[in-house]
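# sequence first, predicted coordinates after that:
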Amino acid sequence: MESFPDQVVELLELNAKLLAPNIRMVLVQCLILLRNRNLLSPTSLLSLFFKLFRCPDKRLREALHQHIVSDIKKCNKNKRNPTLNRTLQNFMYTMLQDDDAIAPRESLAVMIELYRKNIWNDAKTANVISTGIFSKDSKLISMTLNFFLVPNGQNDEEDDEEEWKDFRRRKADAYKKYAHQAHKKTKKRKRKLQEALQSIKRDRSKVTEDQYDIRKNFNYEAILNLNDPQTYAEKVFQVLKTCTHGFDLKISLMNYMSKLIHSHELVIDAYYSYLQKYAQPHQEHITHILVFLAQSCHPMVSPEVLEPLMLSIANSFVTDRRPDIVIAIGINTIREICTRCPLVMNKTLLKDLIQYKKSKDKGVMMAARSLIQLFRIIDPNMLPRKERGKDGAEHSQRKIKQFGQKKVFTNIPGVEKLDESLSESDEWEILSDSFESSDEWEEVDEGTETSEMMEDSTAESTTDYSNIATTRILTDDEFNKIKIIQSKKRKLEDLYDDEMDEDDIIGYVKRRKNTKEDRMNSIYEGRDEWSRKTKADKLSLTNKEKSKRKNYGMMRQKALTKMKRSSRTKAQIRLNHIERSKKGNSHRKW
């Protein structure tokens, strides 16, 4: 009996495809039962199950997928098992290179699910998944792109159903064990119940909190874990150039490339010239392409690379012969590029673009004004004097940083503003510290006033307060004040860190035309509302009830006619009504 598990494993490994589906399924269930009794090692069993993905049996593959995920989750529940994880990850890497069409897809689906469930959320798993881009199978490429382009925190309800069931079961067990339903009520039992509920609440909050940056609408953590991103991005760009799987997949590859360049600030000059041929108003998905283009710009890209691209956008989009929506899209794209790379813009082009602020179309006018507002912040000297605004003279010393130049902070940003919020007690403490720090006494004339000394000392203390972070430790209240000061003023360096979407490029539209998909969705929503109504809700109202809901203008003529009836006519109408009611017939004549 000791060799029975090995015999079943050997049988399936050699003759899996020759066996009948029912017999093969029974043998797999037998191995799962032996694994649950700890009679089989997880390494040998799981490696066999990955090989069984090659069998053309969908029911078998679903059972294998479910067991692999649950078994690996069980092995890493209390403590990580690095030996098992490393062995299986290496085996999965070889499975992704398999010649079979189905086995690599199933192996990749298992790894993605383990990563999203935070079981294998390390850098090695992300790097193994990233190799799916280089496959020749379009389905495998789309699965990899979907993993990187969808945020890790957005899981389906089916994926989280087991976790919520576990929380509910733990809560019920806690009440059953510690509540005083069938036990004596004691303070200890009450304390134990509160501790158990707090533990469940902490675990639940860890699951519900976002596993990614709020400003990122993609799997930012997985992209940051990629090894050698520059070399990897160059290989992905080669895949993009030689892609023959359809334009929708090529759009997803462009999106992935822009996320890679944006996250790691990579320098791939050929990528911008590649996108230039697609930057035309008649191009399909042009707004998405422009979003990818602007998203891939960052301060480390040379202005000489982006300048021909921006001129091409200006000549193709921002011309008088184009529709207003096209002009607005062009100006908004140029604004987003200048937000990330301000050195691309020159005074001549900027002067031409801001002339559209007088346009009759609101979208074009708002796009031009947003461009003016941007350069009022970063470099007012680029604008004509009348466009610099009321604070143009104060901000005239602002200049755009040169290419490769970075700002070096000598102290904590915002600490110089703390002297305005200092109370009198804090000023006296600083004064006393300055007096105590002086080692020697100075002779003072009798005619000198002490108030002058106090003013001098307070002036010195306020001027030295900007460097106070190097002389003493700031308190929590002072750090909170610095955060409030920083939150009131948004930094320009953080603008290009924000995620973009299609609405940022399109801008304001007076009335956007509904697509066929939007119209069909509204139709289906109406059908759902109608199906939820009861039979009584679907019945119509009587004419008398409808007349009560109508306004007076609609019923005025009928009311005037009734008022003009004679008494004889009214009596005849009343008698006819009584006769009809006795007969039980309608007033209509059929």
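Perfect, thanks for sending it.
# can you name every helix or strand that the host helix or strand of residue 32 contacts?
Taking DSSP states H and E as the definition, residue 32 sits inside helix 21-36. When contacts are defined as 3 or more Cβ pairs under 8 Å, 6 or more residues apart in numbering; DSSP states H and E, helix 21-36 sits against helix 4-15, helix 42-51, helix 58-75. (C-beta placed from N, C-alpha, C; glycine too.)
# just want the angle from that helix to helix 4-15.
140 degrees (axes from the mean of the first three to the mean of the last three Cα atoms, to 10 degrees).
# quick one: average pLDDT of helix 21-36?
Across helix 21-36, pLDDT averages out at 88.
# tell me which residues in it are buried?
Across helix 21-36, burial judged by 16 or more other Cβ atoms under 10 Å covers 24, 27, 28, 31, 32, 34, 35.
# how about a markdown table for these, with distance to residue 169 added?
A markdown table is the format used below for the buried residues of helix 21-36 (distance: Cβ to Cβ, whole Å):
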| residue | distance to residue 169 |
| --- | --- |
| 24 | 34 |
| 27 | 32 |
| 28 | 28 |
| 31 | 28 |
| 32 | 23 |
| 34 | 27 |
| 35 | 24 |
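# quick one, strands of the stretch 101-250 of the chain?
With DSSP state E, counting those that start in this stretch, there are no strands along the stretch 101-250 of the chain.
# low-confidence ranges, the stretch 201-350 of the chain, go.
Across the stretch 201-350 of the chain, the ranges flagged by pLDDT under 70 are 205-217.
# helices of that one, start to end?
Under the criterion DSSP state H, counting those that start in this stretch, the stretch 201-350 of the chain contains helices at 220-224, 229-241, 247-264, 269-276, 286-295, 303-317, 324-340, 347-353.
# in CSV: these, plus mean neighbour count and distance to residue 178.
Listed next are the helices of the stretch 201-350 of the chain as CSV, based on neighbours: other Cβ atoms under 10 Å; distance: least, Cβ to Cβ, whole Å:
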stretch, mean neighbour count, distance to residue 178
helix 220-224, 19, 38
helix 229-241, 16, 51
helix 247-264, 20, 47
helix 269-276, 16, 61
helix 286-295, 22, 53
helix 303-317, 17, 65
helix 324-340, 24, 57
helix 347-353, 14, 69
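# so how far is residue 116 from residue 81?
Separation of residue 81 from residue 116 (Cβ to Cβ, to the nearest Å) stands at 19 Å.
# out of the two, which sits in the busier spot?
Neighbours per residue (other Cβ atoms under 10 Å) separate residue 81 from residue 116, with residue 116 holding more: 21 against 15.
# can you count the residues close to the residue nearest to residue 359 when sequence neighbours are not counted?
Spatial nearest neighbour of residue 359, excluding adjacent residues (Cβ to Cβ, 6 or more residues apart in numbering): residue 365 at 4.9 Å. By other Cβ under 10 Å, 18 other residues sit near residue 365.
# check which helix or strand covers residue 365.
helix 362-378.
# in that helix, what's buried?
Result for helix 362-378 [16+ other Cβ under 10 Å]: buried residues 363-368, 370-372, 374-378.
# helices along the stretch 51-200 of the chain, start to end?
58-75, 82-96, 103-116, 123-130, 138-149, 157-178, 187-208.
# elements contacting the shortest one?
Under the contact definition 3+ Cβ pairs under 8 Å, 6+ apart, helix 123-130 sits against helix 82-96, helix 103-116, helix 138-149, helix 220-224.
# closest one to residue 570 among these?
helix 138-149 (76.2 Å; Cβ to Cβ).
# in that closest one, what counts as buried?
For helix 138-149, by 16+ other Cβ under 10 Å, it's 140, 141, 142, 143, 144, 145, 147, 148.
# that helix packs against which elements?
Partner elements for helix 138-149 (3+ Cβ pairs under 8 Å, 6+ apart): helix 103-116, helix 123-130, helix 220-224, helix 247-264.
# just give me how far the third one sits from the chain centre.
What it means is helix 220-224. Centroid displacement of helix 220-224 relative to its chain, using Cα atoms, centre = their mean, to the nearest Å, is 13 Å.
# so where's the stretch 351-500 of the chain shaky on pLDDT?
Applying pLDDT under 70 to the stretch 351-500 of the chain flags residues 391-398, 409, 411-470, 485-499.
# and the gap between the nearest residue to residue 383 once chain neighbours are set aside and residue 295?
Of all residues not flanking residue 383 in the chain, residue 375 sits nearest, at 5.4 Å (Cβ to Cβ, 6+ apart). Taking Cβ to Cβ as the measure, residue 375 falls 21 Å from residue 295.
# give me phi/psi at residue 285?
phi 60, psi 40 (degrees, to the nearest 10).
# these two touch, right, it and residue 250?
No: using Cβ atoms under 8 Å, residue 285 makes no contact with residue 250, being 9.7 Å away.
# anything in contact with each of the two?
Counting by Cβ atoms under 8 Å, 6 or more residues apart in numbering, residue 285 and residue 250 have no contacts in common.
# which of the helices and strands packed on helix 138-149 sits closest to residue 547?
Using Cβ to Cβ, the helices and strands packed on helix 138-149 put helix 247-264 closest to residue 547, at 55.9 Å.
# let me know the angle separating the closest one from helix 229-241.
Going by the same axes, to 10 degrees, helix 247-264 makes 160 degrees with helix 229-241.
# who does helix 247-264 touch, helix- and strand-wise?
Checking 3+ Cβ pairs under 8 Å, 6+ apart, helix 247-264 ends up next to helix 138-149, helix 220-224, helix 229-241, helix 269-276, helix 286-295.
# let's go with 7 Å and repeat that
On a contact count with 3 or more Cβ pairs under 7 Å, 6 or more residues apart in numbering; DSSP states H and E, helix 247-264 meets helix 138-149, helix 220-224, helix 229-241, helix 286-295.
# and these as a markdown table, adding distance to residue 515?
Below are those laid out as a markdown table (distance: least, Cβ to Cβ, whole Å):
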| stretch | distance to residue 515 |
| --- | --- |
| helix 138-149 | 22 |
| helix 220-224 | 30 |
| helix 229-241 | 27 |
| helix 286-295 | 13 |
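# wait, which of the ones you listed is closest to residue 477?
Nearest of the helices and strands packed on helix 247-264 (Cβ to Cβ): helix 220-224, 32.7 Å.
# which other helices and strands does that closest one contact?
By 3+ Cβ pairs under 7 Å, 6+ apart, helix 220-224 packs against helix 247-264.
# ranking the helices of the stretch 51-200 of the chain by mean pLDDT, which is last?
When I compare the helices of the stretch 51-200 of the chain, helix 157-178 is least confident, with a mean of 69.
# go ahead and confirm the residue nearest to residue 383 touches residue 387.
No: using Cβ atoms under 7 Å, residue 375 is not in contact with residue 387; the gap is 8.4 Å.
# do you know how far residue 556 is from residue 57?
Distance from residue 556 to residue 57, counting by Cβ to Cβ: 76 Å.
# which of these two has more residues huddled nearby?
Between residue 556 and residue 57, counting by other Cβ under 10 Å, residue 57 is the more crowded of the two (20 against 10).
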